[in-house]
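Enquirer: prediction below, plus the sequence it came from.
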Amino acid sequence: MKSPVLRITPSEVHLSDPENYEKIYHVGTKYWKSPEFYGVFETGTSAFGTFSNELHRVRRAALSPLFSRKVVLDLEEIVQSKVQKFCDRTASMLNDNQPVNLHNGFRAVSIDVLTDYAFDNCYDLLDKPGFGEEFFTMIRGLFGTFWFFLQWPILQKISMNTPMWLAKVLSKPVGMFLQMQEECRQQVVAIKAAVDAHGKPPTRVTIFHHLLDPNATEGHVVPSVDDLKYEAFSLVAGTSDTTGNALTIAAYHIVSNDSIYRRLVTELKEAFPDRSHALDFVTLEKLPYLTAMLLKHPKTIIRSYRAIATSDTAPWCGLQRIYDPTRRMPHHLVVGMSAWMMHRNQVIFENAENFDPERWLHPEYAKRLEKYLVAFSKGSRGCLGMKYISSGRKSLSIRG
């Protein structure tokens, strides 16, 4: 028997009815993030990891100006330079009959752009063997550790208090986890030292120079080094897979489907008849087929998070139609929905498993589907870097 409500743990229910999504994930929501689930990521009081909506508003307010459309456009030169480096190295490898790991390459561009902008200290994964394969192997190991900690929280507390040298001996993933957090902390300490010594960075403002500036925004309180360490860790870890996964899926379908390939090439040639002309983001974002293929396809995006009812007056959402409408959600019951499931709902997205950009080219049909496209989540907890991701994906897909 199929049901829109499933209890998946004693204290958590999962809802599958898409109509419930905006009842949970919206601006001003009364739900807040689950400490049990998000605590395993060890992102502390970062904008991503903080549980309460009140503290999240403070963290997000400091970061939001750094991911505005204007700032993203100002970053275009950095994005283009990383993409060009990726293309040059890929061409060189192909000329030498070497295999190219596009998945790592796409992710390396994302990380190099982010770290250049965040720290003014690029990781230069594009220059490393396998486009930073060792780094992404470490990230993959971290994700496995998270699920382990979710099942056995006591082991997380023990692991996080284990000396790094011992952690590396006992558990490679845990050792890598602690090492990455320490590296993020060292980046923040270095930037803080530079700000304290010189006031402002010699070249341009970065994410963490901005956060360390007491005059960054009205009422801004400079976070502690540990707070910024968590922010750095969540930004780097969050960037490592999102854009790269979407581009890898899109690239596969582009080269596997001749009609998609020809349609995309035709659109690009019409927009950029001169091959030497820069592929600027302002022009790219106006291309409907490119946008449909990269930003609005259900197969290129997965995102979800668990939320908690913070009071015993929170409604049962989807359960209202099954039980008595006056039924209320127990205090601190965790409620979750899955973007992966929403994007594969055959009632909403016909033939959802097919890579079909055409579905977004019919205005009325596309307008109806927009409500159920939750790649970046929705509401006040939605993805902060949506414009940044959009710029990177489009530049990479075309030049790559």
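Expert: Sure thing, it's come through.
Enquirer: from now on I want contacts and neighbour counts done on CA atoms only, so please keep to that.
Expert: Will do.
Enquirer: end to end, how far does stretch 339-355 reach?
Expert: 17 Å (CA to CA, to the nearest Å).
Enquirer: buried residues, the helix or strand that V79 is a member of. List them.
Expert: Assigned by DSSP states H and E, V79 belongs to helix 76-95. By 16 or more other CA atoms under 10 Å, the buried positions in helix 76-95 come out as E76, I78, V79, Q80, K82, V83, Q84, F86, C87, R89, T90.
Enquirer: between the residues you listed, which is closest to M293?
Expert: In terms of CA to CA, no member of these lies closer to M293 than V83, at 19.0 Å.
Enquirer: hang on, that closest one packs against I111?
Expert: No: V83 lies out of contact with I111 (CA atoms under 8 Å); the separation is 11.6 Å.
Enquirer: sorry, back to before: helices or strands up against the helix holding V79?
Expert: The contact analysis (3 or more CA pairs under 8 Å, 6 or more residues apart in numbering; DSSP states H and E) places helix 76-95 against helix 102-119, helix 386-399.
Enquirer: and those, which one is worst for confidence?
Expert: Note on the helices and strands packed on helix 76-95: helix 386-399 shows the lowest mean pLDDT, a mean of 54.
Enquirer: now the angle between helix 102-119 and the helix holding V79, please.
Expert: If you take axes from the mean of the first three to the mean of the last three CA atoms, to 10 degrees, helix 76-95 sits at 150 degrees to helix 102-119.
Enquirer: identify the residues contacting stretch 38-53?
Expert: Stretch 38-53 has contacts (CA atoms under 8 Å, 6 or more residues apart in numbering) with 31-35, 56, 59-60, 146-147, 149-150, 153, 156, 227-228, 230-231, 233-234.
Enquirer: among the residues you listed, which are located in strands?
Expert: Counting by DSSP state E, the part of these found in strands is Y31, W32, K33.
Enquirer: make a markdown table out of those and add neighbour count, distance to D274 and pLDDT.
Expert: What follows is these, written out as a markdown table (neighbours: other CA atoms under 10 Å; distance: CA to CA, whole Å; pLDDT from 0 to 100):
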| residue | neighbour count | distance to D274 | pLDDT |
| --- | --- | --- | --- |
| Y31 | 23 | 51 | 82 |
| W32 | 22 | 50 | 83 |
| K33 | 24 | 49 | 86 |
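Enquirer: quick one: average pLDDT of the helix holding V79?
Expert: Across helix 76-95, the average pLDDT comes to 93.
Enquirer: just how off-centre is that helix within its chain?
Expert: Between the centre of helix 76-95 and the centre of its chain there are 22 Å (CA atoms, centre = their mean, to the nearest Å).
Enquirer: also stretch 287-294?
Expert: Distance, centroid of stretch 287-294 to centroid of chain: 19 Å (CA atoms, centre = their mean).
Enquirer: mean confidence score for it?
Expert: Averaged across stretch 287-294, pLDDT comes to 88.
Enquirer: could I get the buried residues of helix 76-95 as CSV with distance to M293?
Expert: CSV is the format used below for the buried residues of helix 76-95 (distance: CA to CA, whole Å):
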residue, distance to M293
E76, 21
I78, 24
V79, 20
Q80, 20
K82, 22
V83, 19
Q84, 22
F86, 21
C87, 21
R89, 25
T90, 23
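Enquirer: right, I'll call it a day here.
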